[in-house]
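Enquirer: okay, structure incoming, though there's no sequence with it:
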């Protein structure tokens, strides 16, 4: 699964820029509202909400913003009713793509997805056409220079770790979803700083392209990621 890291690295750096512009707040507020509506506004009884509140802390979202989003989700405050929809398709050169969206207008969103895919020679596919290539995993990115990948793996040996990679001073740890918060806690004990934590679609099989083809594919993925209804974009492109 180490090939997952390239697009993850691009997204991580892009997310930092989005956070500076407030765009990350908008995405996260929508997701908090939806998750609170589905699972309730109490983080202790809603693991997904608890995870999103951790993400809110990471990007320094004011606590009142998150609380307001929860209240909109539970109906205590008026708000827009967003629906979570995952789209599947094939991008340039046949790369598999999963797109998580939150929308208040399905027709607008599917039209936008279809237009983006077709504009780069790809196509939007039926449900199930691509998702079999992926599985939902816990992903945590932590920073620190005082430990190697092998040493970190040894520290986390008691958890369901699938893969650990390092890019500059950022470790990307992939684990079973149920172990995510335990792994986060353990990395903090070691002294590593949490950069990002989430549940992500991880490819079971990967695709490689030439450098020129990959560059065009990443341009397409970034255009998808910039769409107003898109929360996350995942691919099986490795390099």
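Expert: Here it is on my side, so go on. This structure is a prediction, so every number in the text was calculated from the model and none was measured.
Enquirer: and stretch 76-88, what's buried?
Expert: For stretch 76-88, burial by neighbour count (16 or more other CB atoms under 10 Å) applies to 79, 82, 85, 87, 88. Just so you know, the C-beta spots here come from the backbone N, C-alpha and C atoms, and that holds for glycine as well.
Enquirer: ok, for residue 194, nearest residue in space, not its chain neighbours?
Expert: In this structure, residue 194 finds its nearest non-sequential neighbour in residue 142, 5.6 Å apart by CB to CB, 6 or more residues apart in numbering.
Enquirer: who does the helix or strand hosting that neighbour touch, helix- and strand-wise?
Expert: Element membership of residue 142, judged by DSSP states H and E, is strand 134-143. Judged by 3 or more CB pairs under 8 Å, 6 or more residues apart in numbering; DSSP states H and E, strand 134-143 is in contact with helix 5-21, strand 170-175, helix 180-190, strand 193-203.
Enquirer: would you map the helices across the protein?
Expert: Ranges of helices in the chain, per DSSP state H, are 5-21, 23-39, 47-58, 63-74, 106-119, 149-155, 180-190, 211-225.
Enquirer: quick one: list the elements packing against the last one.
Expert: The reference is to helix 211-225. When contacts are defined as 3+ CB pairs under 8 Å, 6+ apart, helix 211-225 packs onto helix 5-21, strand 96-103, helix 106-119, strand 230-235.
Enquirer: need the contact list for the residue lying farthest from the centre of the chain.
Expert: Distance from the C-alpha centroid of the chain peaks at residue 76, with 27.9 Å (CA atoms, centre = their mean). Residues in contact with residue 76 (CB atoms under 8 Å, 6 or more residues apart in numbering) are residue 41.
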